[in-house]
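**Q** Fold the following, please.
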Amino acid sequence: MIRFDGQVALITGAGKGIGRAYAETLAARGAKVVVNNRKHAGEAVGSADQVVAAIRAAGGEAVANYDSIESEGAGQRMVDQALSAFGDLHILMCNAAVGPRGMLHKQTEQLMRDTVEINVFGSVEPVRAAMAHMRAKKYGRILLTTSGAGIGGNIGFAVYGATKAAMHGFAASATLEADRAGILINVISPGALTNMTKWMLELEGFDATGRAAEMPVQSVAECAAYMVSKEFDGRAEIWGVVGGKIHVTRLLASKGIDIPHDQMTAENIAGLKSQIRDLTDARLVEIKPE
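**A** A predicted model of the protein is given here:
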């Protein structure tokens, strides 16, 4: 059985939806959890407090963190809180994100900057902050979050998709630095019915309520729990999970063709495009730490 006894997990955006399922699932399996979710002005009790209360009521250990993940110093503060509260940090799950929809030419520069700050910097900075401790301990499991928009695209989510695609590029390079220190960094592409996805489905004409049973958050949480466990051995892998289906997404590179330098013209390349695109003998693009 996969357990996390004696381990400490920090989960961003864990006050609701998929993040809450992550926190409660790891806590039920023995982890001590730092539950991050920003507290909004005027709130006496934030969503992070509610999750902590639920975990404690079930016999688990957890503390709340209210940092806005994009704010200066938030990553270090969250890591420091984990070390102060529980004395260690083994798992980091970067789940917090925003997904504003809008045609690219209609989005404002500020909205785009805010999306990048929250989705990209709000993930890479906690990883940076956690890395020193994990390297010293020679162990760590980090899970980043992508989406279908970041892999295959989605109308109205160009900027959001860019931030989600960035997670794989970050994981690929960071893994090369971290692997020798016993730290594995991977990416999950979750599909579940949450407040964030409900309106997207309805906007596309789907009956979101009717699809609730097909897209439970717990399916995502169970896959995520495996991906941050000692039993998982992936390196910069992208695992997608929707309902009862799990798959892995990988990059392929075509075999390509050789063109003499003196014939490397735009016209010749255009004429050879079918051969260049041919995936018959494509190779898998793999992350191979030294």
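**Q** For stretch 61-71, C-alpha coordinates in CSV please.
**A** Taking C-alpha atoms only, stretch 61-71 is exported to CSV below (Å, rounded to 0.1, in the frame of the first residue of the first chain):
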residue,chain,number,x,y,z
GLU,A,61,-2.0,16.7,10.6
ALA,A,62,-2.2,19.9,8.6
VAL,A,63,-1.6,23.6,8.8
ALA,A,64,-2.9,26.4,6.6
ASN,A,65,-0.9,28.8,4.5
TYR,A,66,-2.6,31.9,3.1
ASP,A,67,0.1,33.2,0.6
SER,A,68,-0.8,34.3,-2.9
ILE,A,69,1.6,32.2,-4.8
GLU,A,70,2.7,34.9,-7.2
SER,A,71,3.6,37.4,-4.4
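**Q** And the contacts of that stretch?
**A** Identification of contacts with stretch 61-71 by CB atoms under 8 Å, 6 or more residues apart in numbering yields 10, 12-13, 23, 27, 32-39, 46, 48-49, 51-52, 55-56, 74-75, 77-78, 81, 85-86, 96, 114, 117-118, 121-123, 125-126. Where you see a C-beta, it was placed from the backbone N, CA and C, and this is true even at glycine.
**Q** With stretch 75-86 instead?
**A** Counting by CB under 8 Å, 6+ apart, 8, 10, 12, 32, 34, 36, 61, 63, 65, 67, 69, 88-89, 125-130, 133 sit against stretch 75-86.
**Q** In that stretch, which residues are buried?
**A** Within stretch 75-86, the residues that count as buried by 16 or more other CB atoms under 10 Å are 75-79, 81-83, 85-86.
**Q** Stretch 61-80 now?
**A** Of the residues in stretch 61-80, those with enough neighbours to count as buried (16+ other CB under 10 Å) are 62-70, 74-79.
**Q** same thing with stretch 276-290?
**A** For stretch 276-290, the neighbour count (16+ other CB under 10 Å) marks Ile287 as buried.
**Q** could you give the mean pLDDT of that stretch?
**A** Average pLDDT, stretch 276-290: 87.
**Q** So what touches it?
**A** With contacts defined as CB under 8 Å, 6+ apart, stretch 276-290 is touched by 172, 175-176, 179-180, 235-236, 250-257, 269.
**Q** In helices only, show me the buried residues of stretch 61-80.
**A** Those of the buried residues of stretch 61-80 mapping onto helices are 74-79, per DSSP state H.
**Q** Could you dump the residues you listed into TSV and include distance to Gly150?
**A** Output for those, formatted as TSV (distance: CB to CB, whole Å):
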residue	distance to Gly150
Ala74	22
Gly75	21
Gln76	26
Arg77	27
Met78	24
Val79	25
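**Q** ok, back up a step: so of the contacts of stretch 276-290, which two are at opposite extremes in space?
**A** The two members of the contacts of stretch 276-290 with the most space between them (CB to CB) are Arg180 and Ile269, at 39.5 Å.
**Q** And the contacts of stretch 61-71, which of them are buried?
**A** 10, 12-13, 23, 27, 32-39, 46, 48-49, 51-52, 55, 74-75, 77-78, 81, 85-86, 96, 117-118, 121-123, 125-126.
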